[in-house]
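*Asks:* Pasting a predicted model and its sequence here:
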Amino acid sequence: MAANREFFNRKLHSLLGVIPVGAFLFVHLTVNFQATKGEDAYNKASEFMGNLPYLLFLEIFLIFLPLLFHAIYGIYVAFTAKNNVTQYSWFRNWMFLLQRLTGIITLVYVAWHVWNTTIQAKFFNAEVNFDMMANIVDNPVTLGLYIVGIVSAVFHLANGLWSFCVSWGLTITPKSQRVFTWITMAIFVALSYVGVTAILAFA
Amino acid sequence: MAEKKTIRFIITRQDNPNSAPYKEEFDIPYRPNLNVIAALMEIRRNPVTADGKKTTPVAWEMNCLEEVCGACSMVINGKPRQSCSAIVDQLEQPIRLEPMKTFPVVRDLIVDRSRMFDALKKVKAWIPIDGSYDLGPGPRMPEVKRQWAYELAKCMTCGCCLEACPNVNDRSGFIGPAPLSQVRLFNAHPTGAMHKAERLQTIMGDGGLANCGNSQNCVQVCPKGIPLTTSIAALNRDTTIQSFKNFFGSDKV
Ligand code: HEM
Ligand code: SF4
Ligand code: SF4
Ligand code: FES
């Protein structure tokens, strides 16, 4: 029983995608959304997050390590699939492909985003505030890349919630799975709105 | 009819398991209600390609000729299905025939589906009733449940669902949807349920259930309309519960 390593890894991968990584993405975008209410509101929210107790512990164990595991195992999973949407162009097969594509886009985006925010703050004494973000997205290219990154991360989370519900046996019947497609796509649209309007507030 | 109508076939051929595949085209005289197997028989009778070259007859497999054995499965116009029930009148022309390449190709359109039969053995897709003495009658199954289970029992191990699954390939050890659904079938049987935990443990092993990525191609291509993705989701629930039982140490069976 202890030998079911693959089963365990898959379940862990699935769980970490929602808790804590998905939950973190939700909180993160919500904090960013404060930027739409002005510079002060944003600085206050990000200061609150920056002053959470056990911050380093939270960052390492609730964000960095779970994301690292999910990303590395996710790449492995993505490359063991042989995508075949040209031959079988059904909706779910497209979503299957998009889940893998957005995972990889998100990984590239997150690495770049962490480099120009967290790494600068922790190792090069930069300060995380409204101006930092405003400087990053003050040209149309980086702003465009940020939007692509945010939308792809949000899609990955929303569609990931759909497959999470199947992978754990919550949604079994075709009907419940159809209803959840609508619900998760509504989550995609709503969170995309939150994420994109937030980044536009810095531009 | 003045002119003689013909049907063009483009067939992917392969001489032996290790040789390279190649394509050959054939023109078959049209008859109403022709099916793909009858067309292949026509080619066997007169193995001459569309450009007049004499060639070897195309090899394929068949048995029941009524879509219950699964032997004649091949990829027809890009979709895996049975050639005995593929009616030429209903197909776009030219008609493209290819072997199901997820499986090792033996020759032309013949593939080796052994991995599916091995998978059925692996998950114990049967109900053990043999004993060294008379075990007596087993528990009864409610009629509604029997009817429901019959739908799952229609699987003919044809391999179409494995062919369409993006996660069944040479880079992964995934057992594939058909044997998983059989686990659900035999676990639902009142006598089969006595080995429920054992079957679940097996599909929680490497190459098992967790390899499914929910692309749901399998359920789209299954010629028997087996609710494969419903089975997979139901087994996801069963294995989740089983893993809790394993970890927290309540009854394991
Ligand atoms: C913002 C960060 C991320 C979040 C919130 C997230 C969330 C999720 C969720 C909830 C799932 C569904 C799990 C399931 O199907 O049971 C999932 C699946 C997946 N994720 Fe992520 N993920 C993130 C980043 C990544 C990255 C960086 C990769 C790397 C390529 C990745 C690759 C995958 C793959 C391949 C799957 C499909 C797994 C399967 O169907 O078997 N994810 N993700
Ligand atoms: S739902 Fe799962 S088993 Fe079916 S085709 Fe997709 S990945 Fe394969
Ligand atoms: S589940 Fe359907 S497609 Fe798969 S082997 Fe059985 S009959 Fe064929
Ligand atoms: S010959 Fe048996 S399914 Fe076609």
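*Replies:* Received it, and whenever you're ready, just let me know what you need. Ligands and ions are numbered 1, 2, ... in the order given.
*Asks:* For residue B:224, see how far away residue B:51 is.
*Replies:* As defined by CB to CB, to the nearest Å, residue B:51 lies at a distance of 39 Å from residue B:224. Placement of C-beta: from N, CA and C, glycine included.
*Asks:* Secondary structure element holding residue B:97?
*Replies:* Residue B:97 is part of strand B:95-98 when elements are defined by DSSP states H and E.
*Asks:* before we move on, what about residue B:8?
*Replies:* Counting by DSSP H and E, the element that carries residue B:8 is strand B:6-13.
*Asks:* Quick check: neighbours of that strand in the sheet, parallel or antiparallel?
*Replies:* strand B:22-29 (antiparallel), strand B:95-98 (parallel) (DSSP bridges).
*Asks:* Just the residues contacting the last one, thanks.
*Replies:* Put plainly, it is strand B:95-98. B:7-12, B:36, B:39-40, B:74-78, B:83, B:88, B:109 (CB atoms under 8 Å, 6 or more residues apart in numbering or on different chains).
*Asks:* Which one of residue B:51 and residue B:224 is surrounded by more residues?
*Replies:* More neighbours surround residue B:224 than the other of residue B:51 and residue B:224, with 17 against 8 (other CB atoms under 10 Å in any protein chain shown).
*Asks:* list the contacts for the more buried one?
*Replies:* B:154-156.
*Asks:* can you do 10 Å?
*Replies:* Residues in contact with residue B:224 (CB atoms under 10 Å, 6 or more residues apart in numbering or on different chains) are B:67-68, B:70, B:151-156, B:158, B:160-161.
*Asks:* which of the residues you listed are buried?
*Replies:* Neighbour counting over these (16 or more other CB atoms under 10 Å in any protein chain shown) leaves B:67-68, B:70, B:152, B:155-156, B:158, B:160-161 as the buried ones.
*Asks:* Who are the packing partners of the very next helix or strand once past the strand holding residue B:97?
*Replies:* Helices and strands here follow DSSP H and E; after strand B:95-98, the next one along the chain is strand B:105-107. Counting contacts by 3 or more CB pairs under 10 Å, 6 or more residues apart in numbering or on different chains; DSSP states H and E, strand B:105-107 is packed against strand B:6-13.
*Asks:* buried stuff in the strand it packs on?
*Replies:* Buried-residue list, strand B:6-13, by 16+ other CB under 10 Å: B:7, B:9-13.
*Asks:* picking that back up, please render the contacts of residue B:224 as JSON lines that adds pLDDT to the earlier fields.
*Replies:* Below are those laid out as JSON lines (pLDDT from 0 to 100):
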{"residue": "B:67", "pLDDT": "97"}
{"residue": "B:68", "pLDDT": "97"}
{"residue": "B:70", "pLDDT": "97"}
{"residue": "B:151", "pLDDT": "97"}
{"residue": "B:152", "pLDDT": "98"}
{"residue": "B:153", "pLDDT": "97"}
{"residue": "B:154", "pLDDT": "98"}
{"residue": "B:155", "pLDDT": "98"}
{"residue": "B:156", "pLDDT": "98"}
{"residue": "B:158", "pLDDT": "98"}
{"residue": "B:160", "pLDDT": "98"}
{"residue": "B:161", "pLDDT": "98"}
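*Asks:* and which of those is nearest ligand 1?
*Replies:* Distances from ligand 1 to these, taken as CB to the nearest ligand atom, are shortest for residue B:161 (17.5 Å).
*Asks:* Distance of that closest one relative to residue B:171?
*Replies:* Per CB to CB, residue B:161 is found 18 Å from residue B:171.
*Asks:* what's the answer for residue B:200, then?
*Replies:* Distance check for residue B:200 against residue B:171: by CB to CB, it reads 26 Å.
*Asks:* Counting neighbours, what do you get for residue A:56?
*Replies:* Neighbourhood size, residue A:56 [other CB under 10 Å]: 10.
*Asks:* contacting residues for it?
*Replies:* Residues in contact with residue A:56 (CB under 10 Å, 6+ apart) are A:64, A:122.
*Asks:* Checking my notes, it in a helix, right?
*Replies:* Yes: Residue A:56 forms part of a helix when assessed by DSSP: H, G, I helix; E, B strand; the rest coil.
*Asks:* Show me where chain A has its helices.
*Replies:* For chain A, the helices defined by DSSP state H occupy A:5-16, A:23-33, A:39-50, A:55-58, A:65-79, A:91-114, A:120-123, A:130-136, A:140-167, A:174-202.
*Asks:* low pLDDT regions in chain A?
*Replies:* Chain A contains residues with pLDDT under 70 at A:1-3.
*Asks:* In it, which residue sits closest to chain B?
*Replies:* Residue nearest to chain B within chain A: residue A:169 (2.5 Å; CB to the nearest CB).
*Asks:* ok, residue B:216 touching residue A:178?
*Replies:* No: between residue B:216 and residue A:178 there is no contact under CB atoms under 10 Å: 11.2 Å.
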